[in-house]
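Engineer: Starting from these lines, generate the structure:
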Amino acid sequence: MSNVAHCDLLVIGAGPAGLAAATQAANLGVDTVLLDEQPAPGGQIYRAVTSTPVQDRSILGPDYWHGHGLLKPFEQSGARYLPRSTVWALNRTEPDRFEVAFSIDGQAQLIQPRHVLLATGAQERPFPIPGWTLPGVITAGAAQILLKASGVVPTGRTVLAGSGPLLYLIAWQYLNAGVPIEAILETTPRGRWRKALPHVWGFLRSPYLAKGMKLLRAVQAGVPIIRGVSELEALGARQVEQVRFTAAGKEQVLPVDQLLLHQGVVPNVNLARALGVEHLWRDRQACWEPRVDAWGATSIAHVGIAGDGAGIAGAMAAEHRGRLAALHAAWALGKIDQARRDREAGSPRTALARAVRGREFFETLYRPPVQISRPVGATIVCRCEEVTAAQVRETARMGCPGPNQMKAFLRCGMGPCQGRLCGLTVAELIAEEAGRPPQDVGYYRLRFPTKPLPLGELATLPQTQDSMDAVVRFKKS
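Structural biologist: From the prediction side, this is the model:
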């Protein structure tokens, strides 16, 4: 027989949802394994919380350091933790058993869980503008990773562009670190506040209000904010040198050394889609998200999703959703009865309701404008294959009905990122040219492996009894 590992529950992702879920499940007697790509737990929001060189806690703020409180309970829970683990395939082998392939330091491995919980979090929304592939143009999230993990901050002229809470958070953190910012180019369309007003009561009663106002006042005091920005373009020969934009009906140009882009975050859906989980189009956020119930259960039995991978709601909500998903997994695995599951769900469900209060206001206010989600001309849409918006539009006008057919014409979505940086944009462009809503156009049909995998690494995969029997049957046929 093979040396394939087994467990009751496999949690993929060590952000707030994954850490909280693994801790809760292990404390309920569930044999739990947590896999994560990073070298230490924390996910994106709490990245490097155990090792960051930024020791002045006022720079990153109390919300970041809250992540420390999740680590000790996790370490004491008895859950097994495998860092630097990249999951690239997940298949059901029996009605109550899955086979998950992952790699650690170039060595492929297998684990067979009875229940799987995806806690893969969010990714930044693609923000394709002319020149966004120039050196010196990065996302605000990438800039924040450099700050958290390595204490690296930009020098020279730095401009932030886009919209959403993270844009102002990174600006605030830079100011705390003594980093000057030339300007924030705010792309939220004028008049969007009026559309968000019907949801303002929830926002006024939410935990976001006091924090958001304090942060916004600090940023406004230290950074010029240019509102109503459109027609963004990064200019430069070998690297970004200028950013050109339109504001108040006038074209303006600013010299820059770094341009940080951000247009919100969306669920990271690649692994869930490749597994076959049903997804729904969420129009208010203009993105796809998996269909889950109040416990995080998906359309596939014994597969759950917790955290922002199930729909954007923030770090605190992710933590509570992780606990609820773990309670449901423990019940589904027969470790606790339904009465205990429902009883212990009371506290995290109450906390979750408070954490998501006011989300409708943010979603309406920061929904990406059409000019950003549907670029034109020579703007590169698929960075891996260097496919432009004009090429996608032309192919759509030729009758190409969806993103999967578009692959055959242009190879968009077939590079190393497997559509993470172009999937939403390609679907929006096809929808516009065809005069159909994005949900009718659909999304890429994803296949395993969901991450780039060298053949040599694949060859190190342990052999299961089923695979060896298949070889024997093939030789006899």
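
Engineer: which outside residues touch stretch 188-207?
Structural biologist: By Cβ atoms under 8 Å, 6 or more residues apart in numbering, the list of residues contacting stretch 188-207 from outside reads 163, 209, 227-228, 316, 354-355, 357-362, 364-367, 369. Bear in mind the C-beta positions are built from the backbone N, C-alpha and C, glycine included.

Engineer: again with stretch 366-380
Structural biologist: Residues external to stretch 366-380 that are found in contact with it (Cβ under 8 Å, 6+ apart): 125, 127-130, 132-133, 163-165, 187-189, 192, 230-231, 263-264, 284-286, 381, 386-390, 393, 424-425, 428-429, 432.

Engineer: One more: stretch 348-355?
Structural biologist: Counting by Cβ under 8 Å, 6+ apart, the neighbours of stretch 348-355 from elsewhere in the structure are 206, 207, 294, 313, 314, 316, 317, 320, 321, 323, 324, 327.

Engineer: now the residues you listed: which count as buried?
Structural biologist: Among those, those scoring as buried are 206, 313, 314, 316, 317, 320, 321, 323, 324, 327 (criterion: 16 or more other Cβ atoms under 10 Å).

Engineer: Tell me how many other residues surround residue 68.
Structural biologist: Using other Cβ atoms under 10 Å, residue 68 is surrounded by 12 other residues.

Engineer: quick one: contacts for the closest residue to residue 103 other than its chain neighbours?
Structural biologist: Among residues not flanking residue 103 along the chain, residue 86 sits closest, at 5.1 Å (Cβ to Cβ, 6 or more residues apart in numbering). Residues near residue 86 by Cβ under 8 Å, 6+ apart: 37, 102, 103, 104, 451.

Engineer: that's a helix at residue 396, yeah?
Structural biologist: Yes - under DSSP: H, G, I helix; E, B strand; the rest coil, residue 396 sits within a helix.

Engineer: burial measure for it, as a count.
Structural biologist: Around residue 396 there are 22 other residues, counting by other Cβ under 10 Å.

Engineer: Mind picking out the helix or strand in this protein with the poorest mean pLDDT?
Structural biologist: Taking all helices and strands of the chain together, the one with the lowest average confidence (mean pLDDT, DSSP states H and E) is helix 465-476, at a mean of 62.

Engineer: ok so, going back, among the contacts of stretch 188-207, which are in helices?
Structural biologist: Per DSSP state H, helices hold the following members of the contacts of stretch 188-207: 209, 316, 354, 355, 359, 360, 361, 362, 364, 365.

Engineer: okay, now the closest residue to residue 57 other than its chain neighbours: neighbour count?
Structural biologist: Counting by Cβ to Cβ, 6+ apart, residue 57 lies nearest to residue 65, which is 5.7 Å off, once chain neighbours are set aside. As a burial measure, the neighbour count of residue 65 was computed by other Cβ under 10 Å and equals 13.

Engineer: repeat for residue 312
Structural biologist: By other Cβ under 10 Å, neighbour count at residue 312 equals 23.

Engineer: The residue nearest to residue 57 and residue 49 touch, don't they?
Structural biologist: Yes - assessed by Cβ atoms under 8 Å, residue 65 is found in contact with residue 49 at 7.1 Å.

Engineer: surely residue 288 meets residue 278?
Structural biologist: No - applying Cβ under 8 Å, one finds residue 288 not in contact with residue 278, separated by 10.4 Å.

Engineer: of those two, who's got more company?
Structural biologist: The neighbour count for residue 288 versus residue 278, taken as other Cβ under 10 Å, is higher for residue 288 (21 against 12).

Engineer: so the more buried one sits in a strand?
Structural biologist: Yes - Residue 288 sits within a strand when classified using three-state DSSP.

Engineer: Point out where this protein drops to low pLDDT.
Structural biologist: By pLDDT under 70, the low-scoring segments of the chain are 1-3, 464-477.

Engineer: Spatially central residue in it, please.
Structural biologist: residue 122 (1.6 Å; Cα atoms, centre = their mean).

Engineer: Could you pull up the residues touching that residue?
Structural biologist: Contacts of residue 122 (Cβ under 8 Å, 6+ apart): 44, 265, 266, 267, 268, 308, 309, 312.

Engineer: picking up where we left off before, helix or strand: which one has the residue nearest to residue 103?
Structural biologist: Taking DSSP states H and E as the criterion, the element that holds residue 86 is strand 85-94.

Engineer: Each with direction, which strands does that strand pair with?
Structural biologist: According to DSSP bridges, the neighbouring strands of strand 85-94, each with its direction, are strand 97-104 (antiparallel).

Engineer: can you give me how far the partner strand is from the chain middle?
Structural biologist: 21 Å (Cα atoms, centre = their mean, to the nearest Å).

Engineer: residues in contact with it?
Structural biologist: Contact partners of strand 97-104, identified using Cβ under 8 Å, 6+ apart, comprise 4, 10, 12, 35, 82, 84-93, 108-114, 116, 302, 448-449, 453, 457, 461, 464.

Engineer: I'd like to know which of the residues you listed are buried.
Structural biologist: Restricting the contacts of strand 97-104 to buried positions leaves 4, 10, 12, 35, 82, 85-90, 92, 108-114, 116, 302, 449, 453, 457, 461, 464, with burial counted as 16+ other Cβ under 10 Å.
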